[in-house]
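Undergrad: Quick one, structure for this:
(2 chains)
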Amino acid sequence: MFTHHESLKPAYDVVIIGAGGHGLAAAYYLARDHGIRNVAVLEKGYIGGGNTGRNTTIIRSNYLTPEGVKFYDESVRLWQDLGQDFDLNLFYSTRGHYTLAHTDSAMRTMRWRAEVNKHFGVRSEAVDAAFVRRGIPGIDMSCGGHAPILGALFHAPGAIARHDAVAWGYGRGADRRGVEIHQQTEVTGIRVQGGRVVGVDTTRGSLATPRVLCAVAGFTPRILDMVHLKTPIYVHPLQAMVSEPVKPWLDPIIVSGSLHVYVSQSARGELVMGASLDPYELHQTRSTLDFVEGLSSHMLDLFPFLSEVKVNRQWAGLSDMTPDFAPIMGVTPVEGFFLDAGWGTWGFKATPVCGKTMSHTVATGHNHPLIEGFTMDRFARYQLTGEKGAASVGH
Amino acid sequence: MKIMVCPLNGPRPVSEFAYGGEVRRSPDPDTCTDAEWSSYVFNRSGSPGVKYEWWCHIASGFWFVALRDTARDIVLETVPAEAARRGLPPERAP
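TA: Next up is the predicted model:
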């Protein structure tokens, strides 16, 4: 599926660090839309082996800020014909997405999000408890008596997709257009002269390049140290787990911020479940029993009949978090160094639009209009893009 | 890290503690530049390493400083805040 390259060339027009969904999507659109094909994608592990393969595959655009809604809506649009673009089945499955509200203040936020969404043409609406009961079979509307469901934000375009295939599709499309993907190639340094990027050092040798795009999720701070840039990014692990396969019953995607749960049922019948971040900084993908116990108890608040279902696997990824729950993207004070980072716990759904906007930014040297609310200099101006209200769970 | 040694209460399960972020020293707001101040407000040392951190034993409300390796999740030392104020390197002192 991918061409194996024996060695690195001495020079590339663009080097992308990280062969996850974001990095490969940028490579794909650079080659397809901007005609820039002398590109190397450097990956210290293997294709899609980071957060692209560790997320819970949810795609939605029901955000809170205008910047966020416009950006993610463009992403949802791009998702629609991606499978045809790639000639690869992404198992894109539109399910509908409920964000449950257990308090009056949560209902207020749902109405707010619904109005912002509708203003930008995104299909979201605040719905009452009866609508939730009809839409989600088997749900305990009282949640064990301690968190009764008052209503929800219903987002009809909410979907899931096969995450590995997204990386493979973008990777294959880039590969066919001449982009070189080098796995098992770790970046050890970035050479900067006179404030400009001039080259990259790796475990397989050095190369020259005027442009570097960093798309490495939880490893972002380590790459930023190489170019002496500071950002607000902090890294916490995020865990997830799946159950054994059960008979298909749960069509929609369910999120509860109060109970710290998000869950969907995969095409194989497994329940794919996630919760909040681990509570302190850690650069390790270990799993904990605390996580399984906490998430399971909240799952049983929602669906008591699952009490005999077994958990099959759990895992973790490293989330690069930001103070306003919005990403950090675009040009940086180091000329030729571009950043696609701060994707914390919400990056998978944005894969296509990140590729599109970052390829434009790398090709032209100017930020794409859709990412202007996400630039690195917003912190120095105290102009944060407050997206925390639309995080899938309370953090 | 599943057990943490609280300077006041001894070894306790880590679930009894809350993480309070890295120990950082504020620049003098009267003399620092705008860039220095916004950097202090927002920027963090995101890379893994051995860091001094604020932790709180929730049940007793006791705040202290832990020296922790954030790559390996190993606590090397815990000291009461007062001792930390006297003993930490100057650039780290709270």
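
Undergrad: Show me the shaky parts of the stretch 101-250 of chain A.
TA: For the stretch 101-250 of chain A, applying pLDDT under 70 flags no range at all.

Undergrad: quick one, phi/psi of residue A:225?
TA: phi -60, psi -30 (degrees, to the nearest 10).

Undergrad: Now it. Nearest residue, chain neighbours left out?
TA: Counting by C-beta to C-beta, 6 or more residues apart in numbering or on different chains, the nearest residue to residue A:225 once its immediate chain neighbours are dropped is residue B:47, at 5.5 Å. Where you see a C-beta, it was placed from the backbone N, CA and C, and this is true even at glycine.

Undergrad: per-domain residue ranges of chain A.
TA: A:14-55+A:163-232+A:324-390, A:93-159+A:234-321 (automatic domain parsing).

Undergrad: re earlier: how much space between the residue nearest to residue A:225 and residue A:21?
TA: Using C-beta to C-beta, to the nearest Å, we find residue B:47 at a distance of 23 Å from residue A:21.

Undergrad: Around chain A, pick out the residues from chain B.
TA: Chain B comes close to chain A at residues B:15, B:18-19, B:22, B:34-35, B:38-39, B:41-48, B:51, B:53, B:70-73, as judged by C-beta under 8 Å from any C-beta of the partner chain.

Undergrad: Of those residues, grab the buried ones for ChimeraX.
TA: Buried residues among the residues of chain B next to chain A (16 or more other C-beta atoms under 10 Å in any protein chain shown), as a ChimeraX selection:
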select /B:19,22,38,39,42,43,44,46,47,48,51,53,70,73
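
Undergrad: Could you tell me which of the residues of chain B next to chain A belong to helices?
TA: Mapping the residues of chain B next to chain A onto helices (DSSP state H) picks out B:34, B:35, B:38, B:39, B:41, B:42.

Undergrad: returning to that earlier point: pLDDT score assigned to the residue nearest to residue A:225?
TA: Note on residue B:47: pLDDT of 97.

Undergrad: Need the residue closest to the centroid of the chain.
TA: In the absence of a named chain, chain A is used. Geometric centre of chain A, nearest residue: residue A:347, 1.3 Å, by C-alpha atoms, centre = their mean.

Undergrad: Residue of chain A closest to chain B, please.
TA: Nearest residue of chain A to chain B (C-beta to the nearest C-beta) works out as residue A:221 at 2.9 Å.

Undergrad: How many residues are close by the closest residue to residue A:204 other than its chain neighbours?
TA: In this structure, residue A:204 finds its nearest non-sequential neighbour in residue A:185, 5.1 Å apart by C-beta to C-beta, 6+ apart. A count of nearby residues for residue A:185, using other C-beta atoms under 10 Å in any protein chain shown, gives 22.

Undergrad: from what I can see residue A:185 touches residue A:203, true?
TA: Yes: the pair residue A:185 / residue A:203 is scored as a contact, 6.3 Å apart, by C-beta atoms under 8 Å.

Undergrad: Common neighbours of the two, please.
TA: Common contacts of residue A:185 and residue A:203 (C-beta atoms under 8 Å, 6 or more residues apart in numbering or on different chains): residue A:44.

Undergrad: Strands of the stretch 251-395 of chain A, residue ranges please.
TA: Ranges of strands within the stretch 251-395 of chain A are A:253-256, A:261-265, A:271-277, A:311-321, A:328-331, A:337-341, based on DSSP state E, counting those that start in this stretch.

Undergrad: and these as CSV, adding mean pLDDT?
TA: Output for those, formatted as CSV (pLDDT from 0 to 100):
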stretch, mean pLDDT
strand A:253-256, 96
strand A:261-265, 97
strand A:271-277, 95
strand A:311-321, 97
strand A:328-331, 98
strand A:337-341, 98
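
Undergrad: Dump the ones you listed into TSV; add mean neighbour count and distance to chain B as well.
TA: Converted to TSV, the strands of the stretch 251-395 of chain A look like this (neighbours: other C-beta atoms under 10 Å in any protein chain shown; distance: least, C-beta to the nearest C-beta, whole Å):
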stretch	mean neighbour count	distance to chain B
strand A:253-256	26	22
strand A:261-265	24	19
strand A:271-277	22	11
strand A:311-321	18	7
strand A:328-331	24	11
strand A:337-341	27	10
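
Undergrad: Could you work out which of those strands reaches nearest to residue A:377?
TA: strand A:328-331 (9.0 Å; C-beta to C-beta).

Undergrad: tell me what that closest one is packed against?
TA: strand A:337-341, helix A:351-364 (3 or more C-beta pairs under 8 Å, 6 or more residues apart in numbering or on different chains; DSSP states H and E).

Undergrad: Can you say which of these is packed in most?
TA: Of the helices and strands packed on strand A:328-331, the one with the most neighbours on average (mean count of other C-beta atoms under 10 Å in any protein chain shown) is strand A:337-341, at a mean of 27.

Undergrad: That strand pairs with which strands, parallel or anti?
TA: strand A:212-214 (parallel), strand A:328-331 (antiparallel) (DSSP bridges).

Undergrad: Phi, psi for the residue of chain A closest to chain B please.
TA: phi -60, psi -30.

Undergrad: separation between it and residue B:42?
TA: With C-beta to C-beta as the criterion, residue A:221 and residue B:42 are 14 Å apart.

Undergrad: ditto for residue B:80
TA: Distance from residue B:80 to residue B:42, by C-beta to C-beta: 29 Å.

Undergrad: go on, residue A:146?
TA: Distance from residue A:146 to residue B:42, by C-beta to C-beta: 37 Å.

Undergrad: ditto for residue A:26
TA: Counting by C-beta to C-beta, the gap from residue A:26 to residue B:42 is 26 Å.

Undergrad: next one: residue A:115
TA: 30 Å.

Undergrad: Please apply the same query to residue B:64.
TA: 25 Å.

Undergrad: Tally up the residues packed near residue B:74, please.
TA: The burial count for residue B:74: 11, using other C-beta under 10 Å.

Undergrad: My read is that the residue nearest to the centre of chain A contacts residue A:217, right?
TA: Yes: Residue A:347 is within contact range of residue A:217, at 6.8 Å (criterion: C-beta under 8 Å).

Undergrad: shared neighbours of these two, which are they?
TA: Counting by C-beta under 8 Å, 6+ apart, the residues touching both residue A:347 and residue A:217 are A:22, A:51.
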